[in-house]
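*Asks:* Okay, sequence plus prediction incoming.
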Amino acid sequence: MFDPDLWRRQQHWEQLWRGPGAVSAYWSIAIQLVCVGLSALGPTDLRGPNLWILSIIVLLGALLILGDEIASRRNHRLGLLRFSAAQSRDRMAKLGIKSKQVDRFLNALWLNRELEFKFRNKRLQSVLLMVLALDLLSRIASRYGRCGKKVFEANQHPILSAMELFDCVPLPDADKMLIEPLRDWLKEPPVFDPEGWALPFFGRF
């Protein structure tokens, strides 16, 4: 059986260390380290100020990552789901996969005000499971290289059907109608995953 909490923790750490705060910190610290290295070759009176600047940059980087952490926790992790969905779309694009259903669902994650309002009060499990399933399938498909598109298309039907239904029904009804079918799909790895490549990413569902 899948573990959404484990998946969320893994996605959370990936979001933090690849988010805008972390990326800014990486570049700033790398540039300042170069400056510290160059100062070591020059006058000794520049080393102290450069080390102080490096310390300040490290502190600011930590504060930026903390800001990403706070933003990630808002609205019951809606930002985390958006990050994961964007990663899935990037994998699909690399495989040459186009899907109107996926595009509509992902656009709703960013643009649907009713959905955002719902997430302020509680997390919609149907949305969580659709993002989880899309992430899982896109990771598995990407492991097959040039054959990944066929792998994705062969296993996409339950996910796309759920997204089509989600687009048609009121949000309060989405959880009632979609949770069980999505859980059933997630109970076993897709049929095109004989080597179990998904397991190292998400554990044993």
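*Replies:* Good, I have the coordinates.
*Asks:* Just give the number of residues close to Leu95.
*Replies:* Using other CB atoms under 10 Å, Leu95 has 21 other residues around it. Every C-beta, even on glycine, is put in place using the N, C-alpha and C of the backbone.
*Asks:* Could you do the one 3 residues further on as well?
*Replies:* A count of neighbours around Lys98, defined by other CB under 10 Å, yields 10.
*Asks:* mind checking pLDDT for it?
*Replies:* Here, the pLDDT recorded for Lys98 equals 91.
*Asks:* how near is it to Arg120?
*Replies:* Applying CB to CB, to the nearest Å, the value for Lys98 to Arg120 is 32 Å.
*Asks:* element containing Trp110?
*Replies:* Here Trp110, judged by DSSP states H and E, is contained in helix 100-111.
*Asks:* So which bits of the helix or strand following that helix are buried?
*Replies:* Moving toward the C-terminus from helix 100-111, the next helix or strand (DSSP H and E) is helix 113-121. Buried residues in helix 113-121, counting neighbours by 16 or more other CB atoms under 10 Å, are found at Leu115, Lys118, Phe119.
*Asks:* In a markdown table: these, plus distance to Leu51.
*Replies:* Formatted as a markdown table, the buried residues of helix 113-121 follow (distance: CB to CB, whole Å):
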| residue | distance to Leu51 |
| --- | --- |
| Leu115 | 48 |
| Lys118 | 49 |
| Phe119 | 44 |
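*Asks:* just curious, which of these is nearest to Trp185?
*Replies:* For the buried residues of helix 113-121, the minimum distance to Trp185 (CB to CB) is 21.6 Å, reached by Leu115.
*Asks:* Contact partners for the nearest residue to that closest one once chain neighbours are set aside?
*Replies:* Of all residues not flanking Leu115 in the chain, Ala108 sits nearest, at 5.9 Å (CB to CB, 6 or more residues apart in numbering). Taking CB atoms under 8 Å, 6 or more residues apart in numbering, we find Ala108 in contact with Leu115, Phe166, Asp167.
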